[in-house]
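Colleague: return atomic coordinates for the entry below.
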Amino acid sequence: MTPYEWNMIRNNYYLGMRDTGASRKLTGNVVVIHVLVNDMMSNWMYPIHVSEYQMAAAQMEMTFSNASYGSPHRPYMRSVYLQINLPMVADQSGMWINYAFASLGFPNAAAMQYYYESMYNCDEAPIIFAFNRPMRSFASANNDRSYFRQDEFSAVFRHTSYAFESRVLVHELLHQFGAIDYYYPQITVYAAQRYFPNSIMYTTGNEIDDLTRYLIGWTDELSDKAVAFLRDTMSVNDAVMAEARMRGV
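Modeller: Numbering: from 1, shown residues only. Here you go, the predicted model:
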C-alpha cells in the first residue's frame, strides 16, 4: 500500500474497530468465557444440551486455529464455562445485560474480561452469553470513530434450525475483536459483493477475509482488496449505519 492509498482510506469509519475496546486483538493466549444463561424462557438443565453447545464451541476453536495457520499473530484458544440464573426473559431489548454482569459480580464486560485475563494469565478473555433457544444472535463491539461507545460481548442462541452453529459463534466473536458486518448498509453490501463475497461477515460464506484479518490483528498489512473495500466505503458513518438499522437488517 502506498502513502497515497493510505491517505485515501485512513479515516475510514470501519478502521475505528481495530485494536479498541476490551477485546483488542484476537491473538496470543485467548480464553473464551462462555456464560450459559438460564432465564425465564430457557435453561441448561439437561447435560446433553450443554454438551451440544460445547461441541459447537470446540468447532469454533478449530475454525480459528485452521484459519490463522501461518499467521505470526495466531491465537491459541480454549474455553471455560459458567452458568447464571436471570429472573427475567433475555431478549433483544438488552434489559437483561446489566443484571447478568451484576449477577457475575462485575459492573460491565470490560471489568469481567480484565478479571479473567488476570486469573488465567491470558492476553484476551472475551465473553459469550449462550442461550438454549432460537433467537437472533448478536454482538456488541466498540468503534473509536463512532459517537457511541459500546461494551464488548456476544450473545448466541440456537439457530432457527434449532442447532448451535459454530459459524455463528465465529461470526459474533470476530465482532468483539473488530470485524464488521458486510450485509448493511447498502454501500457496504456492494463492496462486499465485489471484494469479499465468501466472507463469514457477509451472508453464507465461511472465509475470514483480508480486511477482517487486519481488523482482528492477524496481519498488520492491508491487502489490495482490503484497501479497495475501504476506498469504496468511505461514505459510511454513524448516520448511514443508523439509517440502515432503522430500515431493518
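Colleague: this structure: strands as residue ranges?
Modeller: Under the criterion DSSP state E, the chain contains strands at 28-38, 75-85, 127-134, 138-140, 153-158.
Colleague: direction included, what does the fourth one pair up with?
Modeller: Paired neighbours of strand 138-140 in the sheet (DSSP bridges): strand 153-158 (antiparallel).
Colleague: skip the chain neighbours and tell me the closest residue to Glu172.
Modeller: Ser154 (3.9 Å; Cβ to Cβ, 6 or more residues apart in numbering). (Glycine included, C-beta is placed from N, CA and C.)
Colleague: mind listing the residues bridging to the one you found?
Modeller: Ile128, Ala139.
Colleague: so it makes contact with His171?
Modeller: No. The pair Ser154 / His171 is not scored as a contact, 9.0 Å apart, by Cβ atoms under 8 Å.
Colleague: picking up where we left off before, Phe106 is nearest to which of the strands of the chain?
Modeller: Shortest distance between Phe106 and the strands of the chain, using Cβ to Cβ, is found for strand 127-134: 9.5 Å.
Colleague: and the closest one, what does it pack onto?
Modeller: On a contact count with 3 or more Cβ pairs under 8 Å, 6 or more residues apart in numbering; DSSP states H and E, strand 127-134 meets strand 28-38, helix 47-67, helix 109-120, strand 153-158, helix 166-176.
Colleague: which one of the ones you listed is the most hemmed in?
Modeller: Among the helices and strands packed on strand 127-134, ranked by average contacts under mean count of other Cβ atoms under 10 Å, first place goes to strand 153-158 (a mean of 24).
Colleague: can you give the distance of that strand from its chain's centre?
Modeller: Offset of strand 153-158 from its chain centre (Cα atoms, centre = their mean, to the nearest Å): 10 Å.
Colleague: residues contacting it, please?
Modeller: 90, 97, 109, 126-140, 164, 168-169, 172-173, 175-176 (Cβ atoms under 8 Å, 6 or more residues apart in numbering).
Colleague: kindly export that strand (C-alpha atoms) in CSV.
Modeller: Taking Å, rounded to 0.1, in the frame of the first residue of the first chain, the C-alpha atoms of strand 153-158 are listed here in CSV:
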residue,chain,number,x,y,z
PHE,A,153,-19.6,-9.2,24.4
SER,A,154,-21.6,-11.6,22.4
ALA,A,155,-25.0,-13.3,22.8
VAL,A,156,-25.5,-16.5,20.9
PHE,A,157,-28.7,-18.6,20.5
ARG,A,158,-29.7,-21.7,18.7
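Colleague: now it: mean pLDDT?
Modeller: Averaged over strand 153-158, pLDDT sits at 96.
Colleague: next: stretch 186-201.
Modeller: 97.
Colleague: contacts for it?
Modeller: With contact meaning Cβ under 8 Å, 6+ apart, stretch 186-201 is reached by 167, 170-171, 174, 179-183, 202, 205-212, 225-226, 228-229, 232-233, 235-236, 240, 244.
Colleague: list the buried residues for it?
Modeller: 188-189, 191-192, 195-196, 199-201 (16 or more other Cβ atoms under 10 Å).
Colleague: do the same with stretch 139-156
Modeller: Applying 16+ other Cβ under 10 Å to stretch 139-156 flags 139-143, 151-156 as buried.
Colleague: these: which two are farthest apart?
Modeller: Counting by Cβ to Cβ, the most remote pair of these is Asn143 and Val156, 21.0 Å apart.
Colleague: and the residue sitting nearest the centre point of the chain, how far from Ile128?
Modeller: In the chain, the centroid-proximal residue (Cα atoms, centre = their mean) is His175; its distance is 2.4 Å. Noted for His175: a distance of 11 Å to Ile128, by Cβ to Cβ, to the nearest Å.
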